[in-house]
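Trainee: Need coordinates for the following:
(one chain, ligands or ions: 1)
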Amino acid sequence: MKILVIGAGNMGLTYAQGMSKSKLLKKKNIMILDNSEEKLLELNEISHFDTYKQLKDCVPYADIIFIAVKPFHADALFKEIKLLANKNQIIISIMAGVNINLIKTMTGLPKVVRAMPNLPAKIGKGLTSYVASKEVSTVELLTIENLLETTGKAILVSDENFIDASTGISGSGPAYVFYFMQSMVEAAIEMGFSKDTSKVLVSETFTGAIELFNQSDLSLNSWMKQVASKGGTTQAALDSMEDNNVNELIKEAAFAAFNRAVELGK
Ligand SMILES: NC(=O)c1ccc[n+]([C@@H]2O[C@H](COP(=O)([O-])OP(=O)(O)OC[C@H]3O[C@@H](n4cnc5c(N)ncnc54)[C@H](OP(=O)(O)O)[C@@H]3O)[C@@H](O)[C@H]2O)c1
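Mentor: You can find the predicted model right below:
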């Protein structure tokens, strides 16, 4: 099986590196195409991938075409792919807001997978939600799951709407976590800690809390109750968040990302 990754940016390289570890692939079975000569030269020096500048030299030989360019490059790219691809090839697109119907129409290819990754894929801790057109077989779906899971977890969703919804939760989500962490770091600094100590206090707190949650069956609410006692310090913080409607504001933010993803899809 041969995979072509189009776009050697942040995400394209992350997936190329992840997928190269898959047992389904032999070395030299990942091709990468980018329109930057400089990037390709750099890539030739640091990786074992076959690099390409011209679509005609690689598209016809790929079983899977993984598209990782920015959405505004999609139109031009699809037009070129249409002239070179065949109907047995599978397209996996991670472009935000570019829907399956559009990809099918523009490329003329029926087998399309739309996936929404997130940034922790860079360290193998990503979450990719994905959905496929009905022309993708069950066996092909298993292969795709295996490839996507080389960068973390992959979740098959039942409907394309869930790709936009997961953009609002897992896709954009790492930024919400960083936002919360940033506020806590600022609070620690205002309390008199150095910047370095503040960062350690906050990041270890997040890591510890998440590990605790992941290693148990307890709900988030139960864990909150374990930290907070009536009239205590934690309860004072949680009461302050409730009084300020923080819960609703966070939900509103996630929906803003979801709605924006839907809007971009139009
Ligand atoms: N970053 C994230 O956290 C994240 C999360 C979810 C989804 N995504 C999606 O992932 C996709 C890629 O994002 P990214 O952050 O990896 O972007 P990026 O770092 O800008 O990488 C895109 C790469 O593709 C190249 N390129 C553009 N048009 C091309 C073409 N026609 N043929 C070959 N290469 C081309 C770009 O070159 P130039 O720079 O020269 O244009 C660039 O090297 C986007 O569609 C985004 O919506 C990203």
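Trainee: Any figure for the gap between the residue in the stretch 151-266 of the chain that the ligand sits nearest to and Leu41?
Mentor: The ligand sits closest to Gly171 of the stretch 151-266 of the chain, with a gap of 5.0 Å, by C-beta to the nearest ligand atom. Any C-beta I mention is one placed from the backbone N, CA and C, and that applies to glycine too. Separation of Gly171 from Leu41 (C-beta to C-beta, to the nearest Å) stands at 31 Å.
Trainee: isn't the residue of the stretch 151-266 of the chain closest to the ligand right next to Ala257, touching?
Mentor: Yes: using C-beta atoms under 8 Å, Gly171 makes contact with Ala257 at a distance of 7.4 Å.
Trainee: ok, these two, which is more surrounded?
Mentor: Gly171 (24 against 18; other C-beta atoms under 10 Å).
Trainee: How about the residue in the stretch 101-250 of the chain that the ligand sits nearest to: what's its closest non-neighbour residue?
Mentor: For the stretch 101-250 of the chain and the ligand, the shortest gap (C-beta to the nearest ligand atom) falls at Leu119, measuring 4.4 Å. Leaving aside its chain neighbours, Leu119 sits nearest to Pro174 (4.9 Å; criterion: C-beta to C-beta, 6 or more residues apart in numbering).
Trainee: check which helix or strand covers that neighbour.
Mentor: Assigned by DSSP states H and E, Pro174 belongs to helix 173-190.
Trainee: Give me the pLDDT for Ala68.
Mentor: pLDDT, Ala68: 97.
Trainee: Revised request: answer the last question for Asn244.
Mentor: pLDDT, read off for Asn244, is 97.
Trainee: Check the one 5 residues further on too.
Mentor: Looking at Leu249, its pLDDT reads 98.
Trainee: quick check, it in a strand?
Mentor: No: under DSSP: H, G, I helix; E, B strand; the rest coil, Leu249 falls outside any strand and is assigned helix.
Trainee: Check the gap between it and Ser170 for me.
Mentor: 19 Å.
Trainee: start to end distance for stretch 228-239?
Mentor: 11 Å (C-alpha to C-alpha, to the nearest Å).
Trainee: Any residue of the host helix or strand of Thr14 touching the ligand?
Mentor: Secondary structure assignment for Thr14, by DSSP H and E: helix 10-19. Yes: using C-beta under 6 Å from any ligand atom, helix 10-19 comes into contact with the ligand via 10-12.
Trainee: out of the residues you listed, which is most surrounded?
Mentor: Neighbour max across the residues of helix 10-19 next to the ligand (other C-beta under 10 Å) = Met11, 22 neighbours.
Trainee: could you list every residue that touches that one?
Mentor: By C-beta atoms under 8 Å, 6 or more residues apart in numbering, Met11 lies in contact with 68, 94, 117, 121.
Trainee: My read is that Arg24 contacts Leu147, right?
Mentor: For the record, residue 24 is Leu, not Arg. Yes: look at Leu24 against Leu147 with C-beta under 8 Å: they come within range, at 6.9 Å.
Trainee: Looking only at neighbour counts, state which of these two leads.
Mentor: Ranked by neighbour count (other C-beta under 10 Å), Leu24 and Leu147 place Leu147 first, with 24 against 13.
Trainee: how about the nearest residue to that one, chain neighbours excluded?
Mentor: Met19 (5.1 Å).
Trainee: got a pLDDT number for the one you found?
Mentor: Looking at Met19, the pLDDT reads 92.
Trainee: How about the one 3 residues further on?
Mentor: What the model reports for Ser22 is a pLDDT of 84.
Trainee: Use 43 as the first number for this chain going forward.
Mentor: Done: numbering now begins at 43, and the last item shifts to Ser64.
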